[in-house]
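# no sequence for this one, just the structure:
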């Protein structure tokens, strides 16, 4: 490629409560222009158009209204003065409760004309936590201060926590604590909907329906919110969970480290940083009351609280791309399995014995949006033959249980040839693409082209979600 090129990118963020579109311009520079292997980095990003924040439309509690959502996006393109064919790249991120809705894939199909060949992520809890921390500026802050920062992203349905140590995400958690778990009528200020997690906490705080005797709904709500925030505190302070916490804590892989500070993000964070709103019912939920509860919590008083660059949303600008060539001598590729596009990188969980498992993480990508996933093999303490055999046994067991073909494995170390050949013996009829030499982060997507003529090397494009910082 030439030394510099520009891409027009769009980011569409469909969340539990709100949806927003952002159009940006990314400038890409080849930082190794004389080399056979181009290394492309984003040198500049600027926002061309920041759309309005819209309420995410639903037809009922379980279904996003695809037609209404499409109308919102069409109107935003029109206001921006941009046609879909002018967009080079982009990302649609579906987060929070919306990602759990029955028609998440239908959302994407309804936006197909506006999505082109975008990266599409129905963000599971881990990816959502990381996206929020990147978007809020917590990741950049931890890098700048050489410190460990927790990003606490409080949305409508969930609180997503991510720890960033000097710019690297080292753990995440997702807890069913959010501002729309209790919905209220903006006119009467009375509760008109209580979610399942909300009911669990009410039953804990008021056994046998005793809340009906209190007569003061706001008092009931405040007590329930306090119990929810205390659950978040127990997770962050690594204290034993109580019985009622079990239904709230969806995932927790936070390491026991000492934190240097916290950043709050998400819709509720606005009211943590700007307290004192009297009309707490203004959004038809209890977000401002939840913000007040967080301000009164141990989390707020125990750590330095930094203000992020974004509170209400992650502001995904789209997907930047950089191209790499993989060293040709160490790859294994079944015939007719390439090219592949927009394959999500899946990192494993590491068990107590040190064994990897990709099964749970791969479930985030079980819908019809993805043809297959790329299982990332992190750096191994050693790469002797026995270690690789053990790894191949684990993969041979898990690969048939994970959706999609060909099976894609990307190792961070120079082991793809021997790992791939071992797997071909264990799973002779399974199409396989086993590569190495590519740096991938959680939330990245890869395009894998056909092998170059007369070479074993394969061009790979890594698409990284880009944020407004």
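Noted; the coordinates are in hand. All figures in this text were calculated on a predicted structure; none of them were measured in a lab. Residues are numbered from 1 along each chain as shown.
# From residue 398, how far off is the closest residue to residue 390 other than its chain neighbours?
The shortest distance from residue 390 to any non-neighbouring residue, by CB to CB, 6 or more residues apart in numbering, is to residue 355 (7.9 Å). All C-beta spots, glycine's among them, are computed from the backbone N, C-alpha and C. Computed as CB to CB, to the nearest Å, the residue 355 to residue 398 distance reads 10 Å.
# Over to residue 10?
Here residue 10 is placed at a distance of 35 Å from residue 398 (CB to CB).
# higher neighbour count, these two?
More neighbours surround residue 10 than the other of residue 10 and residue 398, with 32 against 17 (other CB atoms under 10 Å).
# That one: what's it in contact with?
Each residue near residue 10 by CB atoms under 8 Å, 6 or more residues apart in numbering is listed here: 21, 22, 23, 24, 82, 87, 90, 91, 114, 118, 318.
# Could you pull up the residues touching the last one?
Taking CB under 8 Å, 6+ apart, we find residue 318 in contact with 9, 10, 11, 22, 24, 26, 89, 90, 91, 118, 465, 466.
# so the first one sits right up against residue 82, yeah?
It refers to residue 9. No: judged on CB atoms under 8 Å, residue 9 makes no contact with residue 82 at a distance of 11.0 Å.
# what's the lengthiest helix in the chain in contact with?
The longest helix of the chain (DSSP state H) is helix 217-236. By CB under 8 Å, 6+ apart, the residues outside helix 217-236 that reach it are 150, 152, 159, 161, 173, 175, 177, 181-182, 189-191, 197-198, 201-202, 204-206, 211, 214, 239-242, 244-245, 248-249, 252, 254, 259, 286, 289-290, 293-294, 297-299.
# Filter the residues you listed down to the buried ones and hand me the ChimeraX line.
To isolate the buried ones among these in ChimeraX, judged by 16 or more other CB atoms under 10 Å, type:
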select :150,152,159,161,173,175,177,181,182,191,197,198,201,202,205,206,211,244,245,248,249,252,254,259,286,289,290,293,294,297,299
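# Restricted to strands, list the contacts of helix 217-236.
Of the positions in those, 150, 152, 159, 161, 173, 175, 182, 191, 249, 252 sit in strands, assigned by DSSP state E.
# Adding distance to residue 144 and pLDDT, write those out as CSV.
Shown next, in CSV, are those (distance: CB to CB, whole Å; pLDDT from 0 to 100):
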residue, distance to residue 144, pLDDT
150, 16, 97
152, 19, 96
159, 25, 93
161, 20, 96
173, 24, 93
175, 27, 94
182, 37, 91
191, 43, 86
249, 31, 93
252, 27, 90
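# just curious, which of the residues you listed is nearest to residue 131?
Distance to residue 131 across these (CB to CB) is lowest for residue 161, with 12.7 Å.
# Can you list the buried residues in stretch 359-368?
Applying 16+ other CB under 10 Å to stretch 359-368 flags 361, 362, 364, 365, 367 as buried.
# from the chain's centre, how far out does it sit?
Here stretch 359-368 shows a centroid-to-chain-centroid distance of 13 Å under the convention CA atoms, centre = their mean, to the nearest Å.
# what's next to it, contact-wise?
With contact meaning CB under 8 Å, 6+ apart, stretch 359-368 is reached by 104-105, 122-124, 126-127, 344, 346-349, 373, 375, 398, 401-403.
# from the residues you listed, which would you call buried?
So, by 16+ other CB under 10 Å, the buried ones in the contacts of stretch 359-368 are 104-105, 122-124, 126-127, 344, 346-348, 373, 375, 398, 402.
# I'd like to know which of those are part of strands.
In strands, defined here by DSSP E, the members of the buried ones among the contacts of stretch 359-368 are 122, 344, 346, 375.
# Kindly indicate which of those lies nearest residue 425.
Top of the list for closeness to residue 425, among these and by CB to CB, is residue 375 at 18.2 Å.
# mind giving me the domain split of this protein?
Residue ranges for each domain of the chain read 4-124, 138-307, 327-437, as given by automatic domain parsing.
# Save those domains as CSV, and put in distance to residue 449 too.
Below are the domains of the chain laid out as CSV (distance: least, CB to CB, whole Å):
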stretch, distance to residue 449
domain 4-124, 13
domain 138-307, 29
domain 327-437, 5
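# now the helices for the stretch 51-200 of the chain?
Counting by DSSP state H, counting those that start in this stretch, one finds helices in the stretch 51-200 of the chain at the ranges 66-80, 96-100, 104-110, 112-115, 125-136, 138-144, 196-205.
# and of those, who's closest to residue 40?
Comparing the helices of the stretch 51-200 of the chain under CB to CB, the one sitting nearest is helix 125-136, at 19.5 Å.
# Mind checking the pLDDT average for that closest one?
When pLDDT is averaged along helix 125-136, the result is 84.
# which other helices and strands contact that helix?
Packing partners of helix 125-136 (3 or more CB pairs under 8 Å, 6 or more residues apart in numbering; DSSP states H and E): strand 148-154, strand 159-165, strand 168-175, strand 249-252, strand 261-265, strand 459-467.
# partner strands of the shortest one, parallel or antiparallel?
Sheet pairing of strand 249-252 (DSSP bridges) gives strand 168-175 (antiparallel).
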